[in-house]
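>>> Fold the following for me, if possible:
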Amino acid sequence: MSLLQMVGTKISQVTEIRRLFNYTPINVNEFFAWSNSAEGRRKQRDVILKLLTDTDRKAFNDLDLLETGYYNERTEVNKKVETAESTIKSIVLNKEDEALIPREKEARDLITLYRNIIDLRKSNKPIQEKINDLKLRKERLEFDLKYINEEIGKGEEAIKEGNKAVEKYNNLTDEDLALKLEKGNEIITKITSLSTKTDLKKEWQ
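Numbering: from 1, shown residues only. You can find the predicted model right below:
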């Protein structure tokens, strides 16, 4: 087996071939077995690059960089395509969504109705709270009124009883009552005086 040296001359010595292969003892089967893994393919690439001239190696590397650039560009384009497809899917209406379009007015009317209901409930809330407060106050007032009526009834009953007790004196004027009161006081005074004398008499007996 002979290979071309970097300067274009043939390589026939085994040592030179081993040096070219970085002293890596490999056979054909091992070399092709490298194709089964990414790491092996990188090894194949490195070995092949060592067999090339500087010019060919540079051209290979340039092509490799160009391929990498195309790969990255293709990856970016694919991302943009996926984004565009996703955007299109979000814009394009399916049949179910298309069927909703004629019902736009109905939907808007329902939205307006629901909003009005919500607003009405919000406005009714303080009114209902006021009503509840008034009901509570009414119940308290009714309880107080019931108590007052009971007290009034008791007072009226007491007046009736009092009127019955003094009914026989209704024909007397205030002057007559004043005279009777004065007479009564005189009698009380006299009785008190007599009682005092009686007590003194008992003490001296």
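>>> any idea which element residue 69 lies in?
Element membership for residue 69 (DSSP states H and E) is helix 54-91.
>>> Show me what that helix is packed up against.
Using 3 or more CB pairs under 8 Å, 6 or more residues apart in numbering; DSSP states H and E as the contact test, the elements touching helix 54-91 are helix 38-51. Any C-beta I mention is one placed from the backbone N, CA and C, and that applies to glycine too.
>>> what's the angle from the helix it packs on to helix 54-91?
Counting by axes from the mean of the first three to the mean of the last three CA atoms, to 10 degrees, helix 38-51 lies at 140 degrees to helix 54-91.
>>> which parts of helix 38-51 are buried?
43, 47, 51 (16 or more other CB atoms under 10 Å).
>>> wait, which of those is closest to residue 160?
Nearest to residue 160, judged by CB to CB, of those is residue 43 at 128.0 Å.
>>> wait, doesn't that closest one sit right on residue 32?
No: in this structure residue 43 lies outside contact range of residue 32 using CB atoms under 8 Å: 11.5 Å.
>>> Please report how far residue 63 lies from residue 178.
144 Å (CB to CB, to the nearest Å).
>>> what residues does stretch 156-172 touch?
177, 180 (CB atoms under 8 Å, 6 or more residues apart in numbering).
>>> Helix, strand, or coil at residue 172?
coil (DSSP: H, G, I helix; E, B strand; the rest coil).
>>> from now on call the first residue 24
Right, with 24 as the first residue, what we last looked at is residue 195.
>>> Tell me the predicted confidence for residue 93.
At residue 93, the pLDDT value in this model is 84.
>>> so how many other residues sit close to it?
As a burial measure, residue 93 scores 10 neighbours (other CB atoms under 10 Å).
>>> Same check on residue 57?
17.
>>> which non-adjacent residue is nearest it?
The shortest distance from residue 57 to any residue other than its chain neighbours is 2.9 Å, reached at residue 63 (CB to CB, 6 or more residues apart in numbering).
>>> And residue 75, by the same measure?
residue 83 (6.3 Å).
>>> picking that back up, Throw the buried residues of helix 61-74 into JSON lines and include pLDDT and distance to residue 108, thanks.
Putting those into JSON lines (pLDDT from 0 to 100; distance: CB to CB, whole Å) gives the following:
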{"residue": "66", "pLDDT": "83", "distance to residue 108": "39"}
{"residue": "70", "pLDDT": "79", "distance to residue 108": "42"}
{"residue": "74", "pLDDT": "75", "distance to residue 108": "45"}
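>>> so which of those residues comes closest to residue 177?
Looking across the buried residues of helix 61-74 and measuring by CB to CB, the closest to residue 177 is residue 66, at 118.2 Å.
>>> Domain map for the protein?
24-74, 77-117 (automatic domain parsing).
>>> quick one: stretch 180-190 to chain centroid distance?
72 Å (CA atoms, centre = their mean, to the nearest Å).
>>> Equivalent analysis for stretch 84-99, please.
Worked out by CA atoms, centre = their mean, stretch 84-99 lies 51 Å from the chain centre.
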